[in-house]
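J.: sequence first, predicted model second:
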Amino acid sequence: MNHRLRLESIQNAMQTIPSEFLNSPQYESEVLSAVLNTRVTVKIETLNPIRSFKGRGAAHFVSSLDQTAKLVCGSAGNFGQAMAYACRAKNIDLTVFASVHANPLKLERMRALGAKVILQGEDFDAAKLEAKKWAVQNNAYMVEDGLEPLISEGAGTIGLELLQGQDFDAVLIPLGNGALLNGVARYIKANSRAKVFAICAAGAPSMLESWRAGKIIRHDSVNTIADGIGVREPILEALEDMNGIVDDGLLVSDAAILEAMKLLHQHLGLVVEPSGAVGIAALLEHPKQFADARVATIICGGNLTQQQMQTWL
């Protein structure tokens with residue numbers, strides 16, 4: 001079937017994404033495999049200038065623009081950093097809307113990278129709605145993560161790298177607005193036999209519920225520490241992108257996410273934010289489903305404040 005995300009664009013993105021975001025470390029962790037009773041390969045997307053995978057998609061998207069662009073986006077923090085990093089390189093004006101409760105470390109980094117940051121709304125989706133209003137009022141282009149195909153296709157380069165010389169039974173991918181999941185799943189399903197699992201926080205299940213129901217299901221609020229995937233207003237196009245490339249989905253509790261973060265810190269020496277640890281959390285909460293399987297997961301972000309590190313790790 002025809003798909004909105006193009007395999008050739010994923011391949012071409014390897015030429016438009018800066019080298020600091022490409023070829024991130026990946027390896028099978030013997031110690032995690034022993035703890036989880038499965039063969040676990042981790043793809044570590046935290047060792048770059050913004051400590052997040054989102055630099056890939058933002059760079060691929062911004063590479064298509066000229067310097068006269070005036071952009072605005074909503075962000076929980078990592079996408080805003082990615083857009084700020086990419087826009088700074090091309091001297092493009094960027095405004096980011098974030099929640100009044102957004103991670104202060106992420107806000108500080110967005111500003112340091114040159115973005116104008118406006119705090120409005122109680123959560124990410126509320127901030128994104130304000131960004132859309134601002135775009136109309138200020139004749140700016142609203143960049144929506146999960147909606148723009150080029151952003152998802154840039155994230156898809158992770159799948160391309162993951163499969164180089166590798167074969168997996170399952171790939172567990174965090175699901176927020178769908179950019180990471182859909183980009184990576186698009187490439188993996190076209191080039192391997194692996195099953196793709198979308199992993200959501202139990203306190204923010206709207207994307208997974210909507211995909212299963214075949215219609216948008218909204219929630220009034222989210223209740224999870226995983227702010228990076230705390231979506232309550234699904235993007236229809238992202239849901240449609242999941243069809244045919246996602247095999248199943250799993251919800252994970254905050255307790256399992258915290259345990260996963262501690263395991264990654266203890267055994268791999270990684271500082272991982274909650275959204276980046278949900279794949280490991282799924283292995284903790286669904287051990288029989290993945291017992292003795294060859295599994296990969298993406299450690300997609302590592303932006304924690306000092307207080308969060310002291311409290312959670």
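T.: Sure, I can see it. Residues are numbered from 1 along each chain as shown.
J.: let me see the contact set for the most centrally placed residue in the chain.
T.: For the chain, the residue nearest the mean C-alpha position is L180 (4.7 Å; C-alpha atoms, centre = their mean). L180 sits next to 53, 152, 155, 158, 173-174, 298, 300 when contact means C-beta atoms under 8 Å, 6 or more residues apart in numbering. C-beta: built from backbone N, CA, C; applies to glycine.
J.: check contacts around the closest residue to E45 other than its chain neighbours.
T.: Leaving out its chain neighbours, the residue that sits closest to E45 by C-beta to C-beta, 6 or more residues apart in numbering is F53, at 3.8 Å. Applying C-beta under 8 Å, 6+ apart to F53 gives the contacts 21, 45, 155, 158, 180, 298, 300-301.
J.: neighbour-wise, give me the winner out of those.
T.: A155 (35 neighbours; other C-beta atoms under 10 Å).
J.: so it versus R186, what's the distance?
T.: Distance, A155 to R186, using C-beta to C-beta, to the nearest Å: 9 Å.
J.: now the helices for the chain?
T.: With DSSP state H as the criterion, the chain has helices at 7-16, 30-36, 54-62, 78-90, 104-112, 124-137, 149-155, 157-162, 179-191, 206-213, 236-242, 254-268, 278-285, 306-312.
J.: could I get the fourth one in PDB with only the CA atoms?
T.: The one in question is helix 78-90. Extracted C-alpha coordinates of helix 78-90, given in PDB (Å, rounded to 0.1, in the frame of the first residue of the first chain):
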ATOM      1  CA  ASN A  78      13.300  17.900  23.300                       C
ATOM      2  CA  PHE A  79      11.700  18.800  19.900                       C
ATOM      3  CA  GLY A  80      12.100  22.500  20.800                       C
ATOM      4  CA  GLN A  81      15.800  22.000  21.400                       C
ATOM      5  CA  ALA A  82      16.100  20.100  18.100                       C
ATOM      6  CA  MET A  83      14.400  22.800  16.100                       C
ATOM      7  CA  ALA A  84      16.400  25.500  17.800                       C
ATOM      8  CA  TYR A  85      19.600  23.700  17.000                       C
ATOM      9  CA  ALA A  86      18.700  23.200  13.400                       C
ATOM     10  CA  CYS A  87      17.300  26.700  12.900                       C
ATOM     11  CA  ARG A  88      20.400  28.300  14.500                       C
ATOM     12  CA  ALA A  89      22.500  26.600  11.900                       C
ATOM     13  CA  LYS A  90      20.500  28.200   9.100                       C
END
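J.: which other residues reach that helix?
T.: Helix 78-90 is contacted from outside by 18, 49-52, 54-55, 57-59, 61-63, 65, 67, 71, 73, 75, 93-94, 96, 98, 106, 109-110, 113-115, 117, 143, 145, 228, 301, 303, using C-beta under 8 Å, 6+ apart.
J.: buried members of those residues into PyMOL, please.
T.: In PyMOL, a selection of the buried entries from those looks like this (16 or more other C-beta atoms under 10 Å):
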select buried, resi 50+51+52+54+55+57+58+59+61+62+63+65+71+73+75+94+96+98+106+109+110+113+115+117+143+145+228+301+303
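J.: got a pLDDT number for the residue lying closest to M261 once chain neighbours are set aside?
T.: Nearest residue to M261, sequence neighbours excluded (C-beta to C-beta, 6+ apart): A277, at 4.6 Å. You'll see A277 listed with a pLDDT of 98.
J.: ok, A277 touching A260?
T.: Yes - with contact defined as C-beta atoms under 8 Å, A277 and A260 form a contacting pair (4.0 Å).
J.: quick one: which of the two has more around it?
T.: Taking other C-beta under 10 Å, A277 and A260 do not tie; A277 has more neighbours (32 against 27).
J.: so where's the stretch 151-300 of the chain uncertain?
T.: Applying pLDDT under 70 to the stretch 151-300 of the chain flags no residue at all.
J.: got the domain ranges for the chain?
T.: Following automatic domain parsing, one gets these domains for the chain: 7-52+150-312, 54-147.
J.: quick check: S152 touching G178?
T.: Yes - the pair S152 / G178 is scored as a contact, 7.2 Å apart, by C-beta under 8 Å.
J.: which residues are common contacts for these two?
T.: Common contacts of S152 and G178 (C-beta under 8 Å, 6+ apart): 146, 238, 241.
J.: nearest spatial neighbour of the first one, skipping sequence neighbours?
T.: Nearest in space to G146, with sequence neighbours left out and distances taken as C-beta to C-beta, 6+ apart, is N177 at 3.2 Å.
J.: could you do the last one as well?
T.: Of all residues beyond its chain neighbours, the one nearest D241 is N182 (4.2 Å), with distances taken as C-beta to C-beta, 6+ apart.
J.: how much space separates the one you found from S275?
T.: Taken as C-beta to C-beta, the span from N182 to S275 is 16 Å.
J.: of these two, which one has the most company?
T.: More crowded of N182 and S275, by other C-beta under 10 Å: N182, with 32 against 29.
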